[in-house]
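# this one's structure only:
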């Protein structure tokens with residue numbers, strides 16, 4: 001009895017000890033994963049200033065020269081003439097002069113070369129190009145820092161200010177504070193100061209700033225459809241030549257495959273092929289009907305690299321009915337009937353296999369076309385242009401649940417922070433839901449528009465060709481109007497502020513032209529809109545006039561006043577008094593689903609939350625109740641051809 005009690009006590013103590021160890025581990029883990037005290041981290045780093053020496057600058061120049069040596073022979077890959085054209089475009093002589101001069105690089109020279117290495121020209125997105133671009137930025141920044149006699153003093157002031165901002169931002173984050181934090185982090189990084197601290201702050205203040213999702217119902221509205229296709233039959237089975245016609249009836253359906261690392265969807269084809277056929281084999285002709293049950297699947301996967309497809313798989317089962325047989329004499333006819341039924345099962349198996357092969361081949365072919373078309377849009381219109389400018393998102397993650405596909409973007413570049421909080425959950429399971437933080441507008445805007453010059457002609461082209469809209473009268477180009485342009489600021493060219501009831505949009509330029517006049521100073525143009533949601537849709541009403549602010553001036557002279565009036569007139573045509581929307585009209589394969597109706601519009605904490613639903617009638621209509629159409633994916637041009645050739649082949653042998 002005592003032994004039993006001791007054993008029980010030992011077990012109890014062991015369990016208790018294990019529990020205490022586990023509790024201690026959990027406490028330690030919690031301590032390790034608790035948010036860092038950024039204010040304390042900044043305070044501790046105030047005394048860690050690193051002077052930028054000639055050795056630092058020389059090392060940066062060496063890295064730039066090395067990147068150029070790697071790139072140079074690659075420019076000649078398609079021939080010396082092509083390489084020389086590339087060097088001319090990239091301002092290679094200017095870049096070479098920067099690396100061979102003992103003096104610090106001139107800002108204008110650096111800006112000229114960088115404008116080429118950030119242009120939207122095919123090939124600029126290659127890593128060897130971006131390596132030169134980044135090395136040049138680093139060398140120019142360190143050269144400027146080394147030449148600044150007040151660098152240490154500036155460092156101390158910025159660290160003090162950073163600590164103050166972070167203390168406020170923790171409890172009351174605002175757009176202006178976020179921009180200032182980003183600017184200080186960018187300065188610290190450019191001047192070679194405490195990279196670990198910069199990374200820590202940026203990571204801590206950069207949640208995903210754009211989340212978009214679609215329901216399975218929405219995706220199915222453009223993919224699921226009835227299939228009704230008549231095709232000719234041409235096949236050879238067991239030596240019998242078979243001709244006829246076949247009709248495939250069925251439908252395509254969509255399935256989301258749960259995945260945390262990609263958006264995966266399976267497209268299923270379910271149908272039945274019926275055929276009327278004639279088989280010829282020597283002196284025997286046989287008539288038959290065939291029925292083939294068709295089931296096939298292809299899988300598409302979306303990642304940040306683009307769309308890809310897995311090989312399709314199909315399962316077909318064919319059965320045949322002989323309806324007639326003709327031969328030159330009764331004996332041959334009798335033998336023909338006997339052989340037909342004897343080889344019926346074998347022929348059906350062959351026909352089923354032929355059907356599977358052809359369906360799989362056609363689905364793979366159609367899937368490849370779909371992948372190519374979508375990748376052309378994703379890679380050539382999104383990924384490559386942003387990569388060329390160093391602005392591709394730091395995180396682009398796709399995922400699928402059983403009933404939803406989700407895309408998450410973290411857009412945070414150098415000198416930027418993202419969302420301070422996680423995206424708010426949508427108020428319901430909308431067919432399309434979007435949560436966008438104001439930082440995604442600012443950060444994407446810098447990647448796309450920073451340093452870009454927009455002329456009046458380019459603006460008209462964008463409105464007509466890209467937006468498919470009518471050009472406002474004020475923006476139309478006529479002989480009596482001065483040509484004009486705006487060069488967007490390198491930093492923060494676009495800004496959005498989402499408050500409870502108001503939306504503020506602002507653009508910032510550093511160079512402007514009007515006819516022969518030139519203005520080289522920072523000017524911000526902004527408008528504030530009241531946002532209202534009604535039963536019919538959305539209405540944005542501008543509050544007051546468009547604001548034109550000369551950021552470097554307290555007072556304006558006659559020239560500035562006249563140009564301010566000119567800019568206000570131009571941009572009032574873009575920032576219209578009212579914007580109204582009664583839903584989003586879908587295009588392409590989704591057009592038949594109807595308009596997306598806005599169900600949720602909320603702005604809070606710097607987040608804009610939107611939710612749309614399809615009309616209730618957007619459910620996929622059964623095949624029997626719709627007009628026959630051909631499915632885009634998979635294509636079924638010859639699905640029934642092989643599926644219905646069995647009967648003649650087996651009968652005629």
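Ah, there it is. Since this is a predicted model, take the numbers as computed values, not measurements.
# same question for the helix or strand harbouring residue 176, mean pLDDT?
According to DSSP states H and E, residue 176 maps onto helix 175-190. The average pLDDT within helix 175-190 is 94.
# now do the same end-to-end measure for stretch 336-353.
Stretch 336-353 has an end-to-end distance of 24 Å (criterion: Cα to Cα, to the nearest Å).
# just stretch 458-468 next, same as before
Stretch 458-468 end-to-end distance (Cα to Cα) = 14 Å.
# How far away from the center of its chain is it?
When C-alpha coordinates are averaged (Cα atoms, centre = their mean, to the nearest Å), stretch 458-468 and its chain have centres 22 Å apart.
# Residues in contact with that stretch: which ones?
Here stretch 458-468 makes contact (Cβ atoms under 8 Å, 6 or more residues apart in numbering) with 469-471, 475-477. Every residue, glycine included, has its C-beta placed from N, CA and C.
# re the thing from before, name the residues of the helix holding residue 176 that are buried.
Neighbour-count burial for helix 175-190 flags 175, 177-190 (criterion: 16 or more other Cβ atoms under 10 Å).
# how far off helix 175-190 does the helix or strand just after that helix point, in degrees?
Using DSSP H and E, the helix or strand that follows helix 175-190 in sequence is helix 195-204. Orientation check (axes from the mean of the first three to the mean of the last three Cα atoms, to 10 degrees): helix 195-204 against helix 175-190 gives 150 degrees.
# Show me how far the longest helix seen in the chain is from its chain's centre.
For the chain, the helix that runs over the most residues, judged by DSSP state H, is helix 344-378. With Cα atoms, centre = their mean as the basis, helix 344-378 stands 28 Å off its chain's centre.
# low pLDDT regions in the chain?
1-34, 617-653 (pLDDT under 70).
# what residues go with each domain of it?
Domain segmentation of the chain under automatic domain parsing yields 54-204, 214-377+632-652, 432-613.
# next one: the shortest one to chain centre, how far?
Read that as domain 54-204. Taking Cα atoms, centre = their mean, one finds the center of domain 54-204 at 26 Å from the center of the full chain.
# How far does it stretch from one end to the other?
33 Å.
# Which elements pack onto the helix holding residue 176?
Here helix 175-190 touches helix 127-146, helix 151-169, helix 195-204, helix 438-449, strand 494-498, going by 3 or more Cβ pairs under 8 Å, 6 or more residues apart in numbering; DSSP states H and E.
# so which of these comes closest to residue 331?
In terms of Cβ to Cβ, the element of these nearest to residue 331 is helix 127-146, at 77.6 Å.
# Not counting the closest one itself, show me its contacts.
Applying Cβ under 8 Å, 6+ apart, the contact partners of helix 127-146 are 52-54, 56-57, 60-61, 63-64, 66-68, 70-71, 74, 95, 98, 104-105, 107, 110, 113-114, 117-118, 123-124, 151, 190-192, 387-388, 390.
# Which residues are in contact with residue 201?
Contacts of residue 201 by Cβ under 8 Å, 6+ apart are 38, 41-42, 166, 181, 185, 417.
# May I see the buried residues of stretch 201-215?
For stretch 201-215, by 16+ other Cβ under 10 Å, it's 201-202, 204-215.
# ok, now stretch 347-354?
Going by 16+ other Cβ under 10 Å, stretch 347-354 has these buried residues: 347-348, 350-352, 354.
# cool, and stretch 106-124?
109-110, 113-114, 116-118, 124.
# Please enumerate residues in contact with stretch 533-541?
By Cβ under 8 Å, 6+ apart, the residues outside stretch 533-541 that reach it are 503, 529-532, 577-583, 597-598, 601.
# So which of the residues you listed belong to strands?
503, 529-532, 578-581, 597-598, 601 (DSSP state E).
# Output the residues you listed as CSV; include the columns distance to residue 249 and neighbour count.
Output for the ones in strands among the contacts of stretch 533-541, formatted as CSV (distance: Cβ to Cβ, whole Å; neighbours: other Cβ atoms under 10 Å):
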residue, distance to residue 249, neighbour count
503, 50, 19
529, 52, 20
530, 54, 12
531, 49, 19
532, 49, 13
578, 50, 9
579, 46, 13
580, 44, 13
581, 40, 12
597, 33, 18
598, 38, 22
601, 43, 15
